[in-house]
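Enquirer: Starting from these lines, generate the structure:
(one chain, ligands or ions: 1)
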Amino acid sequence: MMKAAVWHGRYDIRVEQVPEPSPGPREVKVEVAWCGISGTDVHEYESGPIMIAAHGPHPLTGKRAPIVMGHELSGRVAELGSGVESVSVGDRVAANSIISCGTCRACLSGFPNVCEVGALIGLSSDGAFARFVCLPEQTLYRLPDALDLAHAALLEPMSTGVRAIRRARLQAGERIAVIGGGTIGMGVLQAGLALGASDVLLIEPVAQRRVIGERLGARAIDPQDTEALAAEASQVDVVASCVSPSQTAALGIELLRVHGRLVIVGLSLESALLDLNRLLVGEREILGTAGRVHRDDFPTLASLMMRGVVDAEAMITTRIALDDIVHKGFEAMRREKETHLKILVDPSA
Ligand SMILES: [Zn+2]
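Expert: Numbers count the residues shown, from 1 in each chain. Here you go, the predicted model:
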């Protein structure tokens, strides 16, 4: 048996004993070093089930809640299932949270991130808020020796930013606005600067997050400051809507220049009413980005982290033990937004 943080229902995550998993064919058992609490995890805690498999078994994994949460992980390979060839016991790894079928049109065209039946680690299969997790071999990325394991746990959320910047077809010298300064927004901000943006504007209500954004090289404004926002209208080439796009996409469209692109990065819980004439006049675009293609985005981000161009350490505000995950993790993320950006959990502590 081992200790794990298990989602049973809304406001009902329990640290309890579960059986230690053993790897099936083409699966790898990983001893978790660090696992971050994601915004999605907090949504599932306070408003779930949203993406968690609660109403029946997930078609790809066959798994349903109660489910061990946690999908932003790094660790070491502990055991190999049959047929695993790409990693060895002892290798340091991170994982893409997206589990894909390998046979649908999206998977066959090289984009498992938009797999038609895709599953997510820690939401539709048991995750990494536990000492061990068993993961499909296809989700793993072998870490460069120089990359710190805590920083490697940030590859999953921050690579969403790399993918968003690629989807937006950012050109050198273009201006970006990021709406929402959580880990993913900060990932877009840093990837944008690293990949050629001349100016990044962070729009974020929490003062401490604006301070972090400025330290990372952005200009930051409070969305309550309507005068400052109005001055940015029609000034931006790429807007990334990283928080509640249903509520922020309208602002995003306002900010776009002619030929600007609005990228939907965050999850919406409701629909939005948008001024589509802004798209017609000015040939502006709205596009979506889903997670990451880790074959491409993990190595790019790992390299930027190791060169110090992307600062993973600046994202980490707290490190906690698994036993404290509800009180010092989920509750802290909900109530103390001024203090917390990324909370990393050490499942062995
Ligand atoms: Zn597929």
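Enquirer: Strands along the stretch 151-300 of the chain, start to end?
Expert: For the stretch 151-300 of the chain, applying DSSP state E, counting those that start in this stretch gives strands covering 175-179, 199-203, 219-221, 236-241, 256-264, 285-288.
Enquirer: so can I have a markdown table of the ones you listed showing mean neighbour count?
Expert: Glycine gets a C-beta too; all of them are placed from N, C-alpha and C. Formatted as a markdown table, the strands of the stretch 151-300 of the chain follow (neighbours: other CB atoms under 10 Å):
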| stretch | mean neighbour count |
| --- | --- |
| strand 175-179 | 28 |
| strand 199-203 | 24 |
| strand 219-221 | 19 |
| strand 236-241 | 29 |
| strand 256-264 | 21 |
| strand 285-288 | 14 |
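Enquirer: Redo these as CSV? Include mean pLDDT.
Expert: As requested, these are exported to CSV (pLDDT from 0 to 100):
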stretch, mean pLDDT
strand 175-179, 98
strand 199-203, 98
strand 219-221, 98
strand 236-241, 98
strand 256-264, 98
strand 285-288, 98
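Enquirer: With distance to Leu140 added, can I get the ones you listed in JSON lines?
Expert: Below are the strands of the stretch 151-300 of the chain laid out as JSON lines (distance: least, CB to CB, whole Å):
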{"stretch": "strand 175-179", "distance to Leu140": "29"}
{"stretch": "strand 199-203", "distance to Leu140": "31"}
{"stretch": "strand 219-221", "distance to Leu140": "36"}
{"stretch": "strand 236-241", "distance to Leu140": "27"}
{"stretch": "strand 256-264", "distance to Leu140": "27"}
{"stretch": "strand 285-288", "distance to Leu140": "26"}
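Enquirer: of these, which approaches the ion most closely?
Expert: The ion lies closest to strand 285-288 among these, at 17.1 Å (CB to the ion).
Enquirer: any idea how far Leu201 is from Arg14?
Expert: Taking CB to CB, to the nearest Å as the measure, Leu201 falls 41 Å from Arg14.
Enquirer: contacting residues for Lys337?
Expert: When contacts are counted by CB atoms under 8 Å, 6 or more residues apart in numbering, Lys337 touches Val206, Gln208, Arg209.
Enquirer: what about the residue nearest to Glu85 when sequence neighbours are not counted, distance to Ile121?
Expert: Nearest residue to Glu85, sequence neighbours excluded (CB to CB, 6 or more residues apart in numbering): Glu137, at 7.7 Å. Look at Glu137 and Ile121: by CB to CB, they are 13 Å apart.
Enquirer: Equivalent analysis for Val84, please.
Expert: Distance from Val84 to Ile121, by CB to CB: 17 Å.
Enquirer: For Ser303, the count of nearby residues, please.
Expert: Ser303 has 14 neighbours, counted by other CB atoms under 10 Å.
Enquirer: and it, what element?
Expert: helix 294-306 (DSSP states H and E).
Enquirer: State the pLDDT value of Leu269.
Expert: Note on Leu269: pLDDT of 85.
Enquirer: and it, how far is that from the ion?
Expert: As judged by CB to the ion, to the nearest Å, Leu269 and the ion stand 25 Å apart.
Enquirer: Just to check, that residue is in contact with Ile50?
Expert: Yes - at 7.4 Å, Leu269 and Ile50 qualify as touching, with contact defined as CB atoms under 8 Å.
Enquirer: near the ion, which residues of the stretch 101-250 of the chain?
Expert: Cys101, Cys104, Cys107, Cys115 (CB under 5 Å from the ion).
Enquirer: Select from those every entry located in helices.
Expert: When DSSP state H defines the helices, the subset of these inside them is Cys107.
Enquirer: Now that we have the residues of the stretch 101-250 of the chain next to the ion, can you turn them into a markdown table and tack on distance to Ala312 and pLDDT?
Expert: Shown next, in a markdown table, are these (distance: CB to CB, whole Å; pLDDT from 0 to 100):
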| residue | distance to Ala312 | pLDDT |
| --- | --- | --- |
| Cys101 | 31 | 95 |
| Cys104 | 33 | 97 |
| Cys107 | 29 | 96 |
| Cys115 | 27 | 96 |
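Enquirer: end to end, how far does stretch 285-293 reach?
Expert: Length of stretch 285-293, first residue to last, CA to CA, to the nearest Å: 22 Å.
Enquirer: now stretch 163-175
Expert: Stretch 163-175 end-to-end distance (CA to CA) = 17 Å.
Enquirer: Can you mark which positions in it are buried?
Expert: The neighbour-count criterion (16 or more other CB atoms under 10 Å) identifies Arg163, Ala164, Ile165, Arg166, Arg167, Ala168, Leu170, Glu174, Arg175 as the buried residues of stretch 163-175.
Enquirer: which among those gets closest to the ion?
Expert: Arg163 (17.1 Å).
Enquirer: Just confirm the closest one contacts Gly288, I think it does.
Expert: No - taking contacts as CB under 8 Å, Arg163 lies outside contact range of Gly288: 10.7 Å.
Enquirer: At the geometric centre of the protein, which residue sits there?
Expert: The centroid of the chain falls nearest to Pro157 when counting by CA atoms, centre = their mean (2.6 Å).
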